[in-house]
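# Okay, here's the prediction I keep looking at, along with the sequence it came from:
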2 protein chains.
Amino acid sequence: MSTGRGIIRDAKGGGRHTGRRPGNSGTREAILEAARGEFATHGFDRATIRGIAAVADVDSALVLHYFGCKAQLFGDAISIPMEPAEIVRRFGADRGGVGATMVRFFLEGWEKGENRRQLVALLRSAMTNDDALERVREYLDRRVFGPVTRELALPDGELRATLVGSQLIGLAMMRYVARIEPLASASLDDLVAAIGPSVQRYLTGDLAAGDSR
Amino acid sequence: MSTGRGIIRDAKGGGRHTGRRPGNSGTREAILEAARGEFATHGFDRATIRGIAAVADVDSALVLHYFGCKAQLFGDAISIPMEPAEIVRRFGADRGGVGATMVRFFLEGWEKGENRRQLVALLRSAMTNDDALERVREYLDRRVFGPVTRELALPDGELRATLVGSQLIGLAMMRYVARIEPLASASLDDLVAAIGPSVQRYLTGDLAAGDSR
């Protein structure tokens, strides 16, 4: 099986990423990083494999070798390191604070300046291109809602996971994309206190009874 | 002050809207209806005043007379008949079921086929054009969050209103735009039971204590 190394360009600016080696995982990550930037700047439709390859300082063929097509690359680029199912797992049987932790984890992911700029752009791309939206849907199913559902092992697990998704995606839209006040500048602690119980209820409460836990 | 009637075109297809008269409010509504369709079909950037005027069967000058510019027309076009503050008002001092009612009202607005198609398109437009997003923000502030805040007359009223907005907009994104299952095909009753208590808590609960009512 080809490692793809044969078609890596000579690293003109190899010192940019300290310690990065042109091995498989380093190259793959560099392409993903470039893709996030390009999708963020140009949107899904206008970003190109060629442009992404140029930023990552590799050949277009290598990008296609790793990711197949632009839509697949987009799907992989949005897979930021966030494993909501891991949070549920960590709480085990005692799930009292899992809602608050989930909200805090989600917000902390967005608060980092560079993350935020890219996530906003990716969310905008996903809203305007059906291919991109389909990849977001696949990603959420496979990496977020599916694992959370399995980890919860509760009736209506799938509905629970997507209800959590609805609250968190709406929060991101209002706070980071539309920047509506006072939600946009509320403190993390205030938001965790306000929204944590909703997420807790979606994850572990009685959905039919309107009970809170 | 001009009523604008002087530049209404001869109604070639005047029978389309039964009972509609070419008076101020009928014409204004016809333009808004045309604008919703054009923004939904072409997006904010590609929709034109000329195209909207043609669909409404009026002169472009009349559209500008009523709405000033495309962004303002967009802002007015998204003002679907939905008065969340009226729901809060209706419940008066006894606010026990206001959350469930708000969720049901919101979902019923989206469930109508024509509404849904247009709302999805408007949401997509708003995500991709800063002018459109600014109009959405203005509209939400002026017509939704502001009035709800005043009607609630509670501490943190503004934050409460925008928290409700975050849950409902996220719900619309997941159910109607991304169509993620099982949220996309859950029954209205199930969603009202699941999400009503969250909205109730945002509107009337103790946001800091993580209490449910």
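Sure, I can see it.
# Please make it C-alpha for all contacts and neighbour counts, starting now.
Noted.
# Let me know how buried residue A:155 is, in neighbour terms.
12 (other C-alpha atoms under 10 Å in any protein chain shown).
# cool, residue A:178 as well?
With other C-alpha under 10 Å as criterion, residue A:178 counts 19.
# my read: it touches residue B:131, true?
No: Residue A:178 lies out of contact with residue B:131 (C-alpha atoms under 8 Å); the separation is 11.3 Å.
# Enumerate the residues of chain A near chain B.
A:124-125, A:127-128, A:133-134, A:137, A:158-159, A:162-163, A:165-171, A:173-174, A:177-178, A:180-183, A:190, A:193-194, A:196-198, A:202, A:207-212 (C-alpha under 8 Å from any C-alpha of the partner chain).
# Excluding chain neighbours, what is closest to residue A:72?
residue A:135 (7.1 Å; C-alpha to C-alpha, 6 or more residues apart in numbering or on different chains).
# so what's the one you found up against?
A:71-72, A:74-75 (C-alpha atoms under 8 Å, 6 or more residues apart in numbering or on different chains).
# quick revisit: restricted to helices, list the residues of chain A next to chain B.
Mapping the residues of chain A next to chain B onto helices (DSSP state H) picks out A:124-125, A:127-128, A:133-134, A:137, A:158-159, A:162-163, A:165-171, A:190, A:193-194, A:196-198, A:202.
# Give the PyMOL command for selecting the buried subset of those.
To isolate the buried subset of these in PyMOL, counting by 16 or more other C-alpha atoms under 10 Å in any protein chain shown, use the following:
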select buried, chain A and resi 124+125+127+128+133+134+137+158+159+162+163+165+166+167+168+169+170+171+193+194+196+197+198+202
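# From residue B:68, how far out is the residue of chain A found nearest chain B?
Nearest to chain B, among the residues of chain A, is residue A:170, at 3.5 Å (C-alpha to the nearest C-alpha). From residue A:170 across to residue B:68, the span is 31 Å (C-alpha to C-alpha, to the nearest Å).
# lowest average confidence, helix or strand, in chain A?
Lowest on mean pLDDT, DSSP states H and E among the helices and strands of chain A sits helix A:113-128, with a mean of 75.
# tally of neighbours for residue A:144?
21.
# residue contacts, the closest residue to it other than its chain neighbours?
Nearest residue to residue A:144 in three dimensions, chain neighbours excluded: residue A:84, at 6.3 Å (C-alpha to C-alpha, 6+ apart). Listed by C-alpha under 8 Å, 6+ apart, the contact partners of residue A:84 are A:102, A:144, A:148.
# Tell me, what's the model's pLDDT at the spatially closest residue to residue A:83 that is not a sequence neighbour?
Excluding the flanking residues, the one nearest residue A:83 by C-alpha to C-alpha, 6+ apart is residue A:144, at 6.9 Å. pLDDT for residue A:144: 80.
# For residue A:144, give its distance to residue A:155.
Going from residue A:144 to residue A:155 by C-alpha to C-alpha gives 17 Å.
# can you check residue A:100 too?
21 Å.
# low-confidence ranges in chain A?
A:1-23, A:79-82, A:114, A:210-213 (pLDDT under 70).
# how much does the helix or strand containing residue A:103 deviate in direction from helix A:113-128?
Here residue A:103, judged by DSSP states H and E, is contained in helix A:98-111. Angle, helix A:98-111 to helix A:113-128, by axes from the mean of the first three to the mean of the last three C-alpha atoms, to 10 degrees: 100 degrees.
# Would you mind writing the CA trace of stretch A:151-159 as PDB?
Only the C-alpha atoms of stretch A:151-159 are listed here, as PDB (Å, rounded to 0.1, in the frame of the first residue of the first chain):
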ATOM      1  CA  GLU A 151     -23.100   5.000  25.600                       C
ATOM      2  CA  LEU A 152     -26.400   6.200  27.200                       C
ATOM      3  CA  ALA A 153     -28.000   2.800  26.700                       C
ATOM      4  CA  LEU A 154     -31.400   4.400  27.600                       C
ATOM      5  CA  PRO A 155     -34.800   4.300  25.900                       C
ATOM      6  CA  ASP A 156     -35.000   7.000  23.200                       C
ATOM      7  CA  GLY A 157     -31.200   7.300  23.200                       C
ATOM      8  CA  GLU A 158     -31.100   8.500  19.600                       C
ATOM      9  CA  LEU A 159     -33.800  11.200  20.300                       C
END
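# now it, how far from the chain's geometric center?
Taking the mean of its C-alpha atoms, stretch A:151-159 sits 21 Å from the chain's own mean (C-alpha atoms, centre = their mean, to the nearest Å).
# Then stretch A:152-169?
The answer for stretch A:152-169 is 17 Å, by C-alpha atoms, centre = their mean.
# Stretch A:37-52 now?
17 Å.
# List of residues touching it?
Contacts for stretch A:37-52 (C-alpha under 8 Å, 6+ apart): A:31, A:34-35, A:59-60, A:63-64, A:70, A:74, A:117-122, A:124-126, A:129, A:132.
# Among the residues you listed, name the buried ones.
Of the contacts of stretch A:37-52, these count as buried by 16+ other C-alpha under 10 Å: A:31, A:34-35, A:59-60, A:63-64, A:70, A:74, A:117-122, A:124-126, A:132.
# how far does stretch A:133-147 stretch from start to finish?
So stretch A:133-147: terminal residues 20 Å apart, C-alpha to C-alpha.
# try stretch A:135-155
27 Å.
# how about that stretch: buried residues?
Buried, per 16+ other C-alpha under 10 Å, within stretch A:135-155: A:135-137, A:139-141, A:143-149, A:151-152.
# so what are the domain limits for chain A?
A:5-77, A:84-204 (automatic domain parsing).
# so what's residue A:121 closest to, chain neighbours aside?
residue A:40 (4.5 Å).
# what kind of secondary structure is that neighbour in?
helix (DSSP: H, G, I helix; E, B strand; the rest coil).
# what's the neighbour count on it?
Residue A:40: 20 surrounding residues under other C-alpha under 10 Å.
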